[in-house]
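Student: Could you work out the structure for the sequence below:
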Amino acid sequence: MDFSNYLFRAHMVGKIITPNKPLTENQQKTFVSLSERLDVKGLTKTQDKTFTSLKYKKQLSETISLSDGAKKILSELSFAERFGRKIEINSPKLTKGIDVEKDSRDILSRVSGLFLTASTERKRNDFVTGAIDIEPSTAIIDIKSSWSWESFTKILQDKPNEIYLRQLDSYMDLWGLDESLLIHILTDTPFRLVDSELKRMDWQKNILSVDGDVRDESIDDVKKLISNHLFSRKALEAFCKESAIIHIEWFNDFVEIEEKNRVHMIPHSFDKQRIEQRNESVILAREYMKNSTPMNNLTIIK
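Tutor: Numbering: from 1, shown residues only. As a prediction, the model looks like this:
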């Protein structure tokens, strides 16, 4: 199969882009200083060693290559494309993201005061294809629905996920826009997924009695799990009403989280260099996929 013109989906290009780390600010200053000194009066033995090391690191930082992780993904993708197989990714986190897409958009509309509508358009260029969440005006908006309160709080502390930013790079490239927003939104988890988490907890901790009721000593653990997935009083009451084993009386200390505190926005701007990195990575990935075939060398066993 010829992968010479294979188009990668925008959401996965970040998994194959592995540029080496650039020089730190101090390393860059040292490199420039030593370069200037070299041109004027030469370097000492120690300075020459430092300069050579930094020069090598700089060259590496400007080189695009495929990591072992990227090759693993590309091998799987290559086989799926060659033989008409689908790569199934089933997880509660992914399921929630799909199920609450409209809920997350509605929360963002209410918090921002803007009327946001879903986009149905898919675009492509010579390297990628992509479909965005929301009809753009002056910026691309990409929503990521957080799995739980705990995962949402980690997003507040950590630097942005590079794979998500690479996804935004491709969206801005496809739509010809210079600005984008990565928006994490905390939405009530669908009830069936909360029930699945309770079943998993029972398997791990035996929280249910033989009659199917929550054991007294497990009530606090159950409350913590549910509060980690439901954030509005309305959703909590509805869940308790549907459940035969979870009781609203347990949640007298429940604190509702306002929608404005469940939206985290990260701005990201277009960078031509990042697009060039993507394009180089795609070219390498296509070549790798083309040559990713089983090794059937029978001469060893003949």
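Student: Okay, now the unreliable bits of the protein?
Tutor: For the chain, the stretches with pLDDT under 70 are 20, 294-302.
Student: Do a quick rundown of the helices in it.
Tutor: For the chain, helices defined by DSSP state H occupy the ranges 25-40, 45-61, 68-82, 92-99, 101-112, 149-157, 162-175, 191-205, 219-227, 233-242, 272-291.
Student: Quick one: closest of the ones you listed to K260.
Tutor: Nearest to K260 among these is helix 101-112 (5.3 Å), distances taken as C-beta to C-beta. Every C-beta, even on glycine, is put in place using the N, C-alpha and C of the backbone.
Student: and the closest one, what other elements does it pack with?
Tutor: Other elements packing on helix 101-112 under the criterion 3 or more C-beta pairs under 8 Å, 6 or more residues apart in numbering; DSSP states H and E are strand 140-146, strand 179-186, strand 263-269.
Student: Out of those strands, which is the most enclosed?
Tutor: strand 140-146 (a mean of 23; mean count of other C-beta atoms under 10 Å).
Student: Next, the angle from that strand to helix 149-157.
Tutor: Angle between the axes of strand 140-146 and helix 149-157 is 140 degrees (criterion: axes from the mean of the first three to the mean of the last three C-alpha atoms, to 10 degrees).
Student: quick one: strands adjacent to strand 140-146?
Tutor: Paired strands of strand 140-146, with direction, are strand 179-186 (parallel) (DSSP bridges).
Student: which outside residues touch the partner strand?
Tutor: 104, 107-108, 138-146, 149, 152, 155, 160, 164-165, 168, 171-172, 231, 257, 262-270 (C-beta atoms under 8 Å, 6 or more residues apart in numbering).
Student: Distance check, T129 against V100.
Tutor: T129 is 24 Å from V100, where distance means C-beta to C-beta, to the nearest Å.
Student: ok, these two, which is more surrounded?
Tutor: V100 (22 against 14; other C-beta atoms under 10 Å).
Student: need the contact list for the more buried one.
Tutor: Per C-beta under 8 Å, 6+ apart, neighbours of V100: 145, 187-190.
Student: Same list, those residues, but as a markdown table with distance to R124 please.
Tutor: Shown next, in a markdown table, are the contacts of V100 (distance: C-beta to C-beta, whole Å):
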| residue | distance to R124 |
| --- | --- |
| S145 | 25 |
| T187 | 30 |
| D188 | 35 |
| T189 | 34 |
| P190 | 32 |
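Student: quick one: which of the residues you listed is nearest D220?
Tutor: Taking C-beta to C-beta as the measure, D220 sits nearest to T189 out of the contacts of V100, at 19.4 Å.
Student: out of everything not next to it in sequence, what's closest to the closest one?
Tutor: H229 (3.8 Å; C-beta to C-beta, 6 or more residues apart in numbering).
Student: isn't the one you found right next to P190, touching?
Tutor: No - assessed by C-beta atoms under 8 Å, H229 is found out of contact with P190, at 9.1 Å.
Student: So which residues make contact with stretch 57-67?
Tutor: Contacts of stretch 57-67 (C-beta under 8 Å, 6+ apart): 16-23, 27, 31, 74, 277, 280-281, 284-285, 288.
Student: out of the helices of the chain, which comes closest to R124?
Tutor: From the helices of the chain, taking C-beta to C-beta, the stretch that ends up closest is helix 162-175, at 7.2 Å.
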